[in-house]
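A.B. asks: 3D, please:
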Amino acid sequence: MSDTAFALLDERGTVLAWTQAAQHLVGYSAREVVGRSAAMPSPS
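C.D. replies: Numbers count the residues shown, from 1 in each chain. The predicted structure follows:
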């Protein structure tokens with residue numbers, strides 16, 4: 001397992017992938033952010 005935190009975004013800034021390290025760093029799970037805008041990653 002990599003300890004590198006990263007998110008994969010499309011051209012519109014939508015989160016397509018989220019690492020477990022990103023979850024530990026930011027506090028949101030992939031389920032909460034994938035499919036949402038990276039500008040506002042918090043769940044509604």
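
A.B. asks: now do the helices in the protein.
C.D. replies: Using DSSP state H, the helices assigned to the chain run over residues 20-26, 30-33.

A.B. asks: T14: which of the ones you listed is closest?
C.D. replies: helix 30-33 (9.8 Å; Cβ to Cβ). In short, each C-beta sits where N, CA and C put it, glycine included.

A.B. asks: low pLDDT regions in this protein?
C.D. replies: Within the chain, the stretches with pLDDT under 70 are 1-2, 40-44.

A.B. asks: wait, what's in contact with the residue nearest the centre of it?
C.D. replies: Geometric centre of the chain, nearest residue: W18, 4.0 Å, by Cα atoms, centre = their mean. Residues near W18 by Cβ atoms under 8 Å, 6 or more residues apart in numbering: A7, L8, Y28, S29, A30, V33, V34.

A.B. asks: who's in contact with the residue nearest to it when sequence neighbours are not counted?
C.D. replies: Nearest residue to W18, sequence neighbours excluded (Cβ to Cβ, 6 or more residues apart in numbering): A30, at 4.0 Å. Contacts for A30 (Cβ under 8 Å, 6+ apart) come out as A17, W18, Q20, Q23.

A.B. asks: closest to D3 among those residues?
C.D. replies: Q20 (8.9 Å).

A.B. asks: and for that closest one, the neighbour number?
C.D. replies: For Q20, the neighbour count with other Cβ atoms under 10 Å is 13.

A.B. asks: same deal with V15?
C.D. replies: When neighbours are counted by other Cβ under 10 Å, V15 comes out with 20.
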